[in-house]
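Visitor: Dropping a prediction and its sequence here:
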Amino acid sequence: METTVKERIMSFISTKGISIREFEKRSGLSNGYIKSLKGSPTVSRMSMIIRAFPEINPKWLQFGEGDMFKEGETQIVKSYTKGIPYFNVDFEMGYDEMFNDQTSNPEFLIDFKPYNKCDVWCNARGNSMYPTIASGDIIALKEIKDTRYIISNEIYAIVTDNGMRTIKRIIDKGDRYTLVPDNKEYPEQYIDKSVVTKLFLVVGAMKMF
């Protein structure tokens, strides 16, 4: 039986175990877009969805052809020989210091093709980035060595010289960053660039397996 793009999107959302709003937020779509969708999304909006969820099969999404997921990208695989290191520690999503005992050895490796170019996986805690990132999600991080390549309004994990760790959208304001939460119950914050010691792009976020 043929399905519509909207029905396939809803099926994908159900399979991923996320909310419609989280799907819209991650894709950069407006609130209520999926509910009001008639026919197919525009090319630009389809591209936004595929970029936000690289594991999805574009032909399946657009035309209903093939499987929902790209071949070999249907699941996260725990491994001890292949993949990206996962540390069972929290990257705090509020503005408090994180006191977790960091260890030098990862608990295991995560082999998941869409995010195998990141540097590390760890846990997210807090509600300031909900619904894009929920407390308890695991996040894939790619360290940014050259801050000239920061993209405004993307999500970054930040470490400061006083030990603060936070995950926020960043807006470059010259000599400082504006830190913007997705959860509007939390305020925006401002920090000088000089206090930032490490910066990671949040490549992806997933429910813990």
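Guide: Right, received. Where do you want to start?

Visitor: Which parts of the protein are helices?
Guide: Along the chain, the segments classed as helices by DSSP state H run 5-16, 20-27, 33-36, 43-52, 58-63.

Visitor: For the first one, which outside residues touch it?
Guide: Meaning helix 5-16. Residues from elsewhere that reach helix 5-16 (CB atoms under 8 Å, 6 or more residues apart in numbering): 3, 19-20, 23, 34, 37-41, 49, 53, 56, 60-62, 64, 68, 207. Bear in mind the C-beta positions are built from the backbone N, C-alpha and C, glycine included.

Visitor: next one: the third one
Guide: Residues outside helix 33-36 that contact it (CB under 8 Å, 6+ apart): 6, 9-10, 13, 20, 23-24, 45.

Visitor: most residues in a single strand of the chain, which one?
Guide: In the chain, taking DSSP state E as the definition, the longest strand is strand 196-206.

Visitor: which residues does residue 202 bridge with?
Guide: residue 141 (DSSP bridges).

Visitor: Number the chain from 424, please
Guide: Sure thing, new numbering starts at 424, so read that last one as residue 625.

Visitor: For it, list the residues it contacts.
Guide: Residue 625 sits next to 556, 562-564, 577-580, 590 when contact means CB under 8 Å, 6+ apart.

Visitor: Now intersect the residues you listed with the strands, please.
Guide: If you go by DSSP E, the contacts of residue 625 have 562-564, 578-580, 590 in strands.

Visitor: Nearest to residue 504 among those residues?
Guide: Residue 504 lies nearest to residue 563 out of the ones in strands among the contacts of residue 625, by CB to CB, at 18.8 Å.

Visitor: out of the ones in strands among the contacts of residue 625, who has the most neighbours?
Guide: Taking other CB atoms under 10 Å as the neighbour criterion, residue 590 ranks highest of the ones in strands among the contacts of residue 625 with 27 neighbours.

Visitor: Tell me which strands the least confident helix or strand in the chain by mean pLDDT pairs with, and in which orientation.
Guide: In the chain, no helix or strand scores lower on mean pLDDT, DSSP states H and E than strand 500-502, which sits at a mean of 74. Partners of strand 500-502 in the sheet, by DSSP bridges, are strand 531-534 (antiparallel).

Visitor: what about residue 585, distance to residue 617?
Guide: Going from residue 585 to residue 617 by CB to CB, to the nearest Å gives 12 Å.

Visitor: most centrally placed residue in this structure?
Guide: With distances taken as CA atoms, centre = their mean, the residue of the chain nearest its centroid is residue 627 (3.2 Å).

Visitor: any idea how far residue 428 is from that residue?
Guide: Here residue 627 is placed at a distance of 23 Å from residue 428 (CB to CB).

Visitor: Fine by me, thanks again.
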